[in-house]
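>>> can't give you the sequence, but here's the structure:
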């Protein structure tokens, strides 16, 4: 008679009132849930890591790693993993993330492009005051997306999805990426894909520049003063990825001086700490500029994204219990890769490289 496997102990962050973890993460294997009352990187939650096999989190710090004595997997219900500290990940622990945000972010990017092209926010604001200044008889005609070029920096899921929508609207789509395809294997909906060493070509040809790379050491300030200067004066920068990928001073000054036409920014350089909503999102007053569309990092935050990510995380918990390879493994953060089953043993991992 086969030995019965013990349930996995899974630690999750605080849940909303009346929300059960199994409703958010619909696992099909035996699980013992531990629900923290405070954020998982809070000192009050550290004791809950003892004996846990899985933690569902977007942050992992050295104190958390020290408290984790039986951890098999760190599972992110998100794509970005810059807040998982590599040195803190315990031995024989796998880190895996979840994507599933590309559809709403592509929607946001296209919305932003249309809004900027048609000066929608200014038209709404001035017309409410009784002004007809944005009426074509006064203002002149507006641009349209059809026939314009979308340049994508980082051809991951967001870039590919946005290209598909942009192509349907009649746009030309080009990209610069870390691993360009071999000749003759151009991805669907793309007219040109080059390596990052030819980023300047993409920037110089684009009417819209979409940032789609993950935040890593090599992508921090990837778009600096030199790169912004390569953009057309009539071009717009669209950033739903991470704020620090773009040098904030260089972008602010270019927008202020109208060296680029405008920007749509969903991700920032400064965020609230805890429940303090006081800090401005940048050291520079982007909010004073009328050629910037600003949103509070909400482009991918939809009910669909949340549900799909919950299912992705749950499926990885199921795989871990059954001793199967996990998906979306972040190889640069994961430690020793061995197979295993049940709570006391360790998971195997896929060789898939994680990123945006």
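Alright, I've got the coordinates. Everything numeric in this text was worked out from a predicted model, so none of it was measured.

>>> pLDDT below threshold where in the stretch 151-300 of the chain?
Low-confidence regions of the stretch 151-300 of the chain, defined here as pLDDT under 70, do not occur.

>>> Would you map the strands across the stretch 201-350 of the chain?
Taking DSSP state E, counting those that start in this stretch as the test, the strands found in the stretch 201-350 of the chain are 208-211, 236-239, 262-265, 292-294.

>>> is it possible to export those to TSV including mean neighbour count?
In short, each C-beta sits where N, CA and C put it, glycine included. What follows is those, written out as TSV (neighbours: other C-beta atoms under 10 Å):
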stretch	mean neighbour count
strand 208-211	28
strand 236-239	27
strand 262-265	24
strand 292-294	18
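
>>> quick one: the helices in the stretch 201-350 of the chain?
225-230, 248-256, 303-322 (DSSP state H, counting those that start in this stretch).

>>> I'd like the ones you listed laid out as a markdown table, including mean neighbour count and distance to residue 275.
Shown next, in a markdown table, are the helices of the stretch 201-350 of the chain (neighbours: other C-beta atoms under 10 Å; distance: least, C-beta to C-beta, whole Å):
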| stretch | mean neighbour count | distance to residue 275 |
| --- | --- | --- |
| helix 225-230 | 16 | 35 |
| helix 248-256 | 19 | 25 |
| helix 303-322 | 20 | 21 |
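
>>> Please produce CSV containing the strands of the stretch 201-350 of the chain, extended by distance to residue 135.
What follows is these, written out as CSV (distance: least, C-beta to C-beta, whole Å):
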stretch, distance to residue 135
strand 208-211, 25
strand 236-239, 23
strand 262-265, 21
strand 292-294, 21
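
>>> of all these, which lies closest to residue 230?
strand 208-211 (9.6 Å; C-beta to C-beta).

>>> chain center to that closest one, what's the gap?
Strand 208-211 sits 15 Å away from the centroid of its parent chain (C-alpha atoms, centre = their mean, to the nearest Å).

>>> Mind listing the strands that strand pairs with, and their directions?
In the sheet, strand 208-211 lines up against strand 149-153 (parallel), strand 236-239 (parallel) (DSSP bridges).

>>> Among those strands, which comes closest to residue 255?
Closest among those, once you apply C-beta to C-beta, is strand 236-239, at 8.5 Å.

>>> Show me the contact partners of that closest one.
109, 112-113, 116-117, 207-211, 223, 228, 231, 245-246, 251, 260-267 (C-beta atoms under 8 Å, 6 or more residues apart in numbering).

>>> What of stretch 195-211?
Residues contacting stretch 195-211 (C-beta under 8 Å, 6+ apart): 109, 113, 148-154, 158-159, 162, 174-178, 180, 192, 194, 223, 227, 230-232, 234-242, 245-246.

>>> Please spell out the ChimeraX selection for the buried subset of these.
To isolate the buried members of these in ChimeraX, using 16 or more other C-beta atoms under 10 Å:
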select :109,113,148,149,150,151,152,153,154,158,159,162,174,175,176,177,180,192,223,227,230,231,232,235,236,237,238,239,240,241,242,245,246
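
>>> how does the chain divide up, domain by domain?
What automatic domain parsing lists as the domains of the chain is 8-100+302-322, 102-294.

>>> so residue 271 makes contact with residue 280?
No: look at residue 271 against residue 280 with C-beta atoms under 8 Å: they stay out of range, at 10.5 Å.

>>> so what sits against both of the two?
By C-beta under 8 Å, 6+ apart, no residue touches both residue 271 and residue 280.

>>> about what we covered before: could I get the helices of the stretch 201-350 of the chain as JSON lines with distance to residue 137?
Putting the helices of the stretch 201-350 of the chain into JSON lines (distance: least, C-beta to C-beta, whole Å) gives the following:
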{"stretch": "helix 225-230", "distance to residue 137": "35"}
{"stretch": "helix 248-256", "distance to residue 137": "28"}
{"stretch": "helix 303-322", "distance to residue 137": "41"}
